[in-house]
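Asks: sequence unavailable; structure follows:
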């Protein structure tokens, strides 16, 4: 599955959950500001992504007071669906929709990552 197809699924679900996201973010934006969406991807896609994750022994463990996670940075060493999923979340349509939904301005920075510029609050 291509990243644009995964991004389409993410957008579809975000649009369906518009009211829930606005309410949840609105209640939390004065502190940390968050929202969540259950079942963001169809079960088959989520299962395919899950099955493609490498064994933790093949990844680097980063453990400190701030974080405790496994990291696998060289995406081309793993199954294609992992890279497609990671970049689907960075699809400009997804980022733009979330920015509008949360009323924040995002710009694309170096390396393709998006950064918050300001808030319309």
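Replies: Yep, it's here. Just so it is clear, the structure is predicted and the values come from calculations on it, not from any experiment.
Asks: residue ranges for the strands of the chain, please.
Replies: 60-63, 68-71, 104-108, 114-119 (DSSP state E).
Asks: quick one: list the elements packing against the second one.
Replies: In this structure, strand 68-71 packs against strand 60-63, with contacts taken as 3 or more CB pairs under 8 Å, 6 or more residues apart in numbering; DSSP states H and E. All C-beta atoms are positioned from the backbone trio N, CA, C, and that covers glycine.
Asks: not counting stretch 43-52 itself, show me its contacts.
Replies: Under the contact criterion CB atoms under 8 Å, 6 or more residues apart in numbering, stretch 43-52 has outside partners 1, 6, 9, 40, 41, 78, 79, 81, 82, 85.
Asks: now those: which count as buried?
Replies: Buried by 16 or more other CB atoms under 10 Å: 6, 9, 41, 81, 82, 85, out of the contacts of stretch 43-52.
Asks: just the ones of the residues you listed in helices?
Replies: With helices taken from DSSP state H, the overlap with those comprises 6, 9, 81, 82, 85.
Asks: pLDDT at the second one, what is it?
Replies: I take that to be residue 9. At residue 9 the predicted local distance difference test score is 98.
Asks: any idea how far it is from residue 73?
Replies: 25 Å (CB to CB, to the nearest Å).
Asks: just give me the residue right at the centre of the chain.
Replies: What sits nearest the mean C-alpha location of the chain, by CA atoms, centre = their mean, is residue 89, with 4.3 Å.
Asks: I'd guessed that residue sits against residue 14; true?
Replies: No - under the criterion of CB atoms under 8 Å, residue 89 lies out of contact with residue 14, with a separation of 11.0 Å.
Asks: where does the chain dip in pLDDT?
Replies: Where the chain drops to pLDDT under 70, the residues are 106-121.
Asks: mind redoing it with 90?
Replies: Low-confidence regions of the chain, defined here as pLDDT under 90, cover residues 1, 32-33, 54-59, 70-78, 90, 92, 95-96, 99-100, 102-121.
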